[in-house]
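A.B. asks: Task: produce atomic coordinates for the following.
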Amino acid sequence: MTTETTLHYVYDPFCGWCYGAAPLISAAATLDKLDIKLHSGGMLTGSEAKLMSEEWREFVIPHEQRITALSGQKFGSAYQEKAQFDYSIVLDSAPPTAAMLAAQAVAGKGLSMLKRLQTAYYVQGQAIADTKVIQRIAQELGLDLAAFDPAFEQAMADIGKHFQQSGELLQMLGGRGYPTLALEQNGKFTLFPLGQFLGKPELFRDTLAELVQGS
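C.D. replies: Numbering: from 1, shown residues only. This is a model prediction of the structure:
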């Protein structure tokens, strides 16, 4: 009997490095015997939530340039030339996290929701903390709003608990921030190095495949 291996992914929807790691997570998702569990850390929530600003833009630009250089992930012109200058855009991790949780709860599409939210923000420059944007994306993913909307509302009500659990997991793993990846095999957690695989999704998948087969 083969023991299933779980890849725990601690991320944030507004973490540019998580966008840079997106092709790796997509590659991992192609492995049959690997379960991927998403844990959003709530980097921008509560008192840390904010509006887009010149200060935020100047803070993230050098990081995003490095992300593209290392991962090949490009940031869209709609994001760089429009969204980063739209100071009405809310940067709050709670709604997109709740969208991921709701998509997972109603259709097992949490990862699909996360990937689509990242593209919507970092490529298309959409306000992914806006409920209407989230609903539109849910429909794009084929989710029934009659089921998604109440699941989203419940996830928003419980979001503090999710962020707390993600923070506890990150602390237990000894992770330094977002993104953090850890493999769980037979109840044992092992941090999985990410930097060496940026821009190399096939190598990442093959390395994971060997570990999964050996579990």
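
A.B. asks: Which residue is the nearest non-sequential neighbour of Glu140?
C.D. replies: Arg116 (6.8 Å; CB to CB, 6 or more residues apart in numbering). To be clear about C-beta, it is placed using only N, CA and C from the backbone, and glycine gets the same treatment.

A.B. asks: dump the residue contacts of that neighbour.
C.D. replies: 137, 140-141 (CB atoms under 8 Å, 6 or more residues apart in numbering).

A.B. asks: Confirm it sits in a strand?
C.D. replies: No: secondary structure of Arg116 (DSSP: H, G, I helix; E, B strand; the rest coil): helix, not part of a strand.

A.B. asks: Residues in contact with stretch 136-152: which ones?
C.D. replies: 98-99, 101-103, 105-107, 109, 112-113, 116-117, 120, 128, 131, 134-135.

A.B. asks: What is the neighbour count of the closest residue to Ile134 other than its chain neighbours?
C.D. replies: Once flanking residues are discounted, Ile134 sits nearest to Ala99: 4.6 Å by CB to CB, 6+ apart. Applying other CB atoms under 10 Å, we find 31 other residues in the vicinity of Ala99.

A.B. asks: Could you number the chain from 402 rather than 1 from now on?
C.D. replies: Understood, numbering begins at 402; the last thing we discussed is Ala500.

A.B. asks: what's the next secondary structure element after the lengthiest helix in the chain?
C.D. replies: Of all segments of type helix in the chain, defined using DSSP state H, the longest is helix 455-472. Sequence order places helix 478 as the next helix or strand after helix 455-472, per DSSP states H and E.

A.B. asks: For the residue nearest to Ile535, what is the enclosing helix or strand?
C.D. replies: helix 495-508.

A.B. asks: avg pLDDT for that helix?
C.D. replies: For helix 495-508, mean pLDDT rounds to 98.

A.B. asks: Give me the buried entries from the contacts of Arg517.
C.D. replies: Neighbour counting with 16 or more other CB atoms under 10 Å marks 538, 542 as buried within the contacts of Arg517.

A.B. asks: Alright, that wraps it up for me.
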